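Q: when you get a sec, could you give me coordinates for this:
(one chain, ligands or ions: 1)
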Amino acid sequence: MTTKGGVVTQEFSAAFSTVACEPAGVVWNKVCVVLKRELGDAAFGSWIAPAVLRESAAGDVVVVTPTGIARDWIRRSAWRRVSELWAATDPTARRLDLKSRLEFEAAGGASAGYEAKAEPIEIVLPVSSDVPALAPAPVNGAKASPVQGLQERFTFDTFVPGPANEFAHAVARRVASWADGHFNPVLFHGPYGFGKTHLLNALAWEAMRQAPTKRVVYLTAERFLSTFVRAVMDRQTAAFKEELRGADLLIIDDVHFIAGKQSSQEELFHTLTALVEDGRRVVFSSDRAPAAMTEMDARLRSHLSAGLVCGLEPADRALRLGILERKLQALSRQHGFEPTMRTEVLNFLADRFTDSVRELEGALNTLSARAGEGVSRLTLDEVQAILRPHLRAGEKRITIDDIQKATSEHYGMKQADLLSERRNRAIARPRQAAMWLAKQLTTRSLPDIGRRFGGRDHTTVLHAVRRIEALRAEDPALSQDLETITRKLRG
Ligand SMILES: Nc1ncnc2c1ncn2[C@@H]1O[C@H](COP(=O)(O)OP(=O)(O)OP(=O)(O)O)[C@@H](O)[C@H]1O
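A: The predicted model follows:
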């Protein structure tokens, strides 16, 4: 698929004998315009654009996908919406079906009188749209964030600056203002849980607010990796490259995750150099400075450091107190209680939860969930009693990356399999086990865990957690596996 000046042209591979059926082709074009806007460029480009439309002499219309994986994705995530749009747009109310190419051929599709024209389908998009390019509407009734991958609560308004992050904060604001003459790329690095994702999200929101017609693409490195792997499998790498290289601002979170993954590193290197040469802006975050990414390809590492490398430090006490205050205000607005707590309680929280802001927030959320509007009256003893399970000192911090590595090693598979779309049991069960472990051993939320498993939805993680919970009780081998992996992770 190519995008030029608001005109999107789908170029279908000759292998699938492209069809643009009139008038079904015209109806499909209209449906695609809406789908592209709703699903976002990445999902549309990966799954919908490669499909072709076929219409039989009898007027049956089939969307034919190049692979079964693509058919399953569309059926699971977008079919209800596709059908709604089709029904609303097709004046003759023809029935629309969905098949993979193999299925279509096995059903004798090509010989069943289906038309096979060769003209590409043209989709004309409005040059500027009030819906951001990455904004998918809820699909299948799910409540989606207005921008794929971005979290609404992570804005500059909710980010608390302090000495530990004020330079990074100023740089992020400057990049978001599209000001000329800043360094490119910019890489923010800092320890786990001290606001890198928050800052990158805030930057993306602000950049879109300031220049709504520019294309801002935000994705985690895990998503970069899994989308790239899928594009290779589906022979859609050209669409993948196009998607990223069309960005005015590309933001990649947790880039260290790509270290050691050869072909993804290579792809990222070419994307980065192409964007920078073209004057587009690129922003990364990572958990360490490029020099410390020893597994990262040296050439990519050097390009990551070629612009501005900007560190975030762990929050000091004053910043932790400031963040607590801000979070308390947000919680009190949400649940309708007084935004106050005893000073000794605030001090205790700020002194005790120093490992990451995420843990500090988790402690506050626990107190609010347990005490409700009584949170402002809690004594220090009560707080300590409620938080006792969180206070086990000296426990080793376990990351989702650690869990994925240990799980894939235990089951003799690749870490990338856990992030992939593959659904056979030999892969799906360890993936569910790893998600369950992530919920038990880290403080990550369900959406956060889903994000780190190839950009899955939080409902998938919830399902996995419940499934493993149920299986664990009846399957001693699984229970044993979970214990072994946990022991290994705890060291
Ligand atoms: N300065 C800050 N102001 C407000 N909230 C903050 C700040 N720093 C961190 N947080 C909050 O702490 C939580 C963790 O932050 P975030 O996810 O951005 O960390 P991170 O550095 O990206 O961590 P990781 O490397 O594990 O992804 C988030 O809920 C975020 O809102």
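Q: wait, what's in contact with whichever residue of the stretch 51-200 of the chain sits closest to the ligand?
A: Residue nearest to the ligand within the stretch 51-200 of the chain: G195 (2.7 Å; Cβ to the nearest ligand atom). The way it works is simple: take the backbone N, C-alpha and C, and place the C-beta from them, glycine included. By Cβ atoms under 8 Å, 6 or more residues apart in numbering, G195 lies in contact with 159, 165, 312, 315, 357.
Q: helix, strand or coil: sort out the first one for me.
A: The reference is to F159. Of the three states, F159 takes coil according to DSSP: H, G, I helix; E, B strand; the rest coil.
Q: tally up the residues packed near it, please.
A: 20 (other Cβ atoms under 10 Å).
Q: from P212, how far off is it?
A: Distance of F159 to P212, computed by Cβ to Cβ, to the nearest Å: 21 Å.
Q: sorry, back to before: near the ligand too, which of the contacts of G195?
A: 159, 165, 357 (Cβ under 6 Å from any ligand atom).
Q: export those residues as JSON lines, with columns for pLDDT.
A: Output for these, formatted as JSON lines (pLDDT from 0 to 100):
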{"residue": "F159", "pLDDT": "96"}
{"residue": "N165", "pLDDT": "95"}
{"residue": "V357", "pLDDT": "91"}
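Q: phi, psi of L53?
A: Backbone geometry at L53, expressed as degrees, to the nearest 10, gives phi -110, psi 130.
Q: quick check: chain neighbours aside, which residue is closest to it?
A: W28 (4.7 Å; Cβ to Cβ, 6 or more residues apart in numbering).
Q: ramachandran angles for that neighbour?
A: phi -60, psi -40.
Q: okay, now it: neighbour count?
A: W28 has 30 nearby residues by other Cβ under 10 Å.
Q: that older thread, now, which of the contacts of G195 sits nearest E267?
A: Proximity of those to E267 (Cβ to Cβ) peaks at L312, which lies at 27.0 Å.
Q: correct me, but the closest one touches L199?
A: Yes - counting by Cβ atoms under 8 Å, L312 touches L199, with 7.5 Å between them.
Q: pull up the overlap in contacts between these two.
A: Joint contacts of L312 and L199 (Cβ under 8 Å, 6+ apart) are 165, 168, 188.
Q: run through the residues that contact the closest residue to the first one other than its chain neighbours.
A: Across the structure, with Cβ to Cβ, 6+ apart as the measure, the residue nearest N165 apart from its sequence neighbours is L312 (4.8 Å). Applying Cβ under 8 Å, 6+ apart to L312 gives the contacts 164-165, 168, 188-191, 194-196, 199.
Q: you'd agree L187 is in a helix?
A: No - judged by three-state DSSP, L187 forms no part of a helix; its state is strand.
Q: sec struct for V282, please.
A: strand.
Q: next one: the residue lying closest to it once chain neighbours are set aside from R281, what distance?
A: Spatial nearest neighbour of V282, excluding adjacent residues (Cβ to Cβ, 6+ apart): P185 at 3.9 Å. Per Cβ to Cβ, P185 is found 8 Å from R281.
Q: show me what from this protein comes close to the ligand.
A: So the chain meets the ligand at 154, 158-160, 165, 190, 192-198, 254, 287, 323, 357-358, 361 (Cβ under 6 Å from any ligand atom).
Q: what's near enough to touch the closest residue to the ligand within the stretch 351-491 of the chain?
A: Residue of the stretch 351-491 of the chain nearest the ligand, by Cβ to the nearest ligand atom: V357 (3.4 Å). Residues in contact with V357, defined by Cβ under 8 Å, 6+ apart, are 193-195, 315, 320, 323.
Q: among those residues, which has the minimum pLDDT value?
A: When these are compared on pLDDT, G193 comes out lowest, with 88.
Q: surely that one is within a strand?
A: No - counting by three-state DSSP, G193 is not part of a strand but coil.
Q: nearest spatial neighbour of it, chain-adjacent residues omitted?
A: S356 is the one closest to G193 (Cβ to Cβ, 6+ apart), at 2.5 Å.
Q: cool, and K414?
A: K414's closest residue in space is S408 (Cβ to Cβ, 6+ apart), at 6.0 Å.
Q: the one you found is in contact with D417, isn't it?
A: Yes - counting by Cβ under 8 Å, S408 does reach D417; the two are 6.6 Å apart.
Q: what is in contact with these two at once?
A: Common neighbours of S408 and D417 (Cβ under 8 Å, 6+ apart) are P430.
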